[in-house]
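**Student:** Starting from these lines, generate the structure:
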Amino acid sequence: MNSTVRTRSGIRRTVAIAAAAALALPVAACSSSSGSGTSNTASGPVTITVGCEPPTTQAAQRKFFLDDITAFEKANPGITVKGDDANPCEVPAKFTAQLAAGTEDNVFYTAFTDPANVIASGQAADIQSYVKQIANESSILPQLLNVYRNGDTASGDLYGIPTSNYTEGLVYNTTLFQRAGITTPPSTWAEVETDAKKISALGPGYIGYVDLSAQNTGGWHFAAEVFSRGGQMVTGTGENAKAAFDDSTGLAVLQALHQMRFVDNDMGTKQGLAWSDPQQIMSTGKLGMYVGAPDTVTNMHATYNTPYNNIAMAPLPGVTAPTATLLGGDGYMFNKKDTPAQIEAGIKFINFEFLTPNDGQFNYARTAKAGQPVGLPEPDLFTAGSAADQQASADEKASANVPSQNFTAYTDALSSMQLLIEPPQAQAIYAQGDKAMYAALTNPNANLQQLLSTFASATNQILENQS
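**Tutor:** Model prediction:
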């Protein structure tokens, strides 16, 4: 989800680096080395910047990052790394202004909803000719690379590198499932409704399921739930793009929520919830289920000290299997003013920090030693069964300190699910979706078809204005 301000947890952040223009940067797939290539000193030193350095409030992640800079620079004495630690990582208004002025970092952070607009602005460097220098490029999920292509096709030019990925799933409270006699997580939305009733029946204050409807998160979840039912948010591209959810599938999303809220009475009375609210409610031990990604599990534990043993994840419910889910994440793009040396060095550091098993964000032994969680299903960058995936998975398993079996159902399903990217102009569309979701959850007499049609009309206006 591309929120009002963008931050990233864990160590999935990058820095600026530099390199000599004439040096090619060989990459050994699945290797573990501080430089992930030879030392870059042939043409003299170069310094570049890159954003999203961890803030001082994330002490462990900050230390990992600075330690990685030291190790990388030691192995590459011609490279100087300068991190841009402005946080949050991206504020949309500031991002837009910097993009228009061409003042972004040499290697700049982007959420998956950014690349299309960045590419259209002409402010990103095309790195297609450098693609063979990207570590484990053949193992990266094609859907993620396509986010950074012009036209979102495998044959298009490449303007960035993905460094983390999430997909929406169903987060649930294992303790309440046991108490309610639920032996397996629901795989369809009808089963979600049935199980929510069982949890709410445990007693006063128990809530079977909640959903979001504020701060653009309602429209975001609406999109995920439309995808899970086999629908689409937008069809066509550019001037031909149109809303595609004003149909029986979109209506089913609102109908299911309205049914659970006002007929089944298992969604609680507090509505207008945003990203962190379900985590806070589940931390009290009173909430059974919500739609979320693995980062919500991490945040729930870190913020509310909820034991990992009490939390599990399943794939996003659907109507029939295999279903689809919303894909999100982030990565880095390169300023169009970058020299070839800066691009090559930027790729080299990204290889080390984000794409090489046992290095950077995949240094699970270091993460576990620092008391940080290992064994959660993120980052999910590599195709299942690929060499990079096998090595990263083995390293993670060896250092796991959370009950990874609680997330097996979620991870096992990803290989058979369709992963769908967020719609164009996602934030503007999501803001309109909030209105439909909030009304469906707060007005017992809501005209759901009218809400849906109004949402679709607003979406079409947004799409018309983008071209």
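
**Student:** which residues touch stretch 186-194?
**Tutor:** The contact list for stretch 186-194 (Cβ atoms under 8 Å, 6 or more residues apart in numbering) reads 170, 195, 209, 225, 228-229, 252, 256, 259-260, 264, 289, 314-315, 317-319, 321. (Each C-beta comes from the backbone N, C-alpha and C, glycine too.)

**Student:** Which parts of that stretch count as buried, going by neighbours?
**Tutor:** Buried residues in stretch 186-194, counted by 16 or more other Cβ atoms under 10 Å: 186-189, 192-193.

**Student:** filter the contacts of stretch 186-194 to the buried ones?
**Tutor:** Among the contacts of stretch 186-194, those buried by neighbour count (16+ other Cβ under 10 Å) are 170, 195, 209, 225, 228-229, 252, 256, 260, 264, 289, 314-315, 317-318.

**Student:** Counting residues, which helix of this protein comes out longest?
**Tutor:** As assigned by DSSP state H, the longest helix anywhere in the chain is helix 448-466.

**Student:** For that helix, which outside residues touch it?
**Tutor:** Contact partners of helix 448-466, identified using Cβ under 8 Å, 6+ apart, comprise 233-234, 239, 241-243, 245-246, 250-251, 254-255, 258, 424-425, 428-429, 432-433, 435-436, 439-440.

**Student:** so how far is it off the chain centroid?
**Tutor:** Taking Cα atoms, centre = their mean, to the nearest Å, one finds helix 448-466 lying 25 Å from the centre of the chain it belongs to.

**Student:** any idea which element residue 267 lies in?
**Tutor:** Using DSSP states H and E, residue 267 maps to neither a helix nor a strand.

**Student:** quick one: contacts for it?
**Tutor:** So, once contact is read as Cβ under 8 Å, 6+ apart, residue 267 ends up touching 196, 207-211, 257, 260-261, 441.

**Student:** Could you check the pLDDT of it?
**Tutor:** With respect to pLDDT, residue 267 scores 98.

**Student:** how close does it sit to residue 224?
**Tutor:** 17 Å (Cβ to Cβ, to the nearest Å).

**Student:** Name the SS class of residue 295, please.
**Tutor:** Here residue 295 is recorded as helix under DSSP: H, G, I helix; E, B strand; the rest coil.

**Student:** so it touches residue 167, yeah?
**Tutor:** No: Residue 295 is beyond contact range of residue 167, at 11.2 Å (criterion: Cβ atoms under 8 Å).

**Student:** Pull the number of nearby residues for residue 441.
**Tutor:** 25 (other Cβ atoms under 10 Å).

**Student:** Work out for me the element it sits within.
**Tutor:** Under the criterion of DSSP H and E, residue 441 resides in helix 426-442.

**Student:** For the residue positioned nearest the centre of the chain, list each beta-bridge partner.
**Tutor:** For the chain, the residue sitting closest to the mean C-alpha position, by Cα atoms, centre = their mean, is residue 329 at 2.9 Å. For residue 329, the beta-bridge partners are residue 165 (DSSP bridges).

**Student:** quick one: low-confidence ranges for this protein?
**Tutor:** The chain contains residues with pLDDT under 70 at 1-44, 152-155, 321-322, 467.

**Student:** what's the domain layout of it?
**Tutor:** Using automatic domain parsing, the domain parsing of the chain gives 46-165+329-407, 169-325+416-466.

**Student:** Cool, thanks, talk later.
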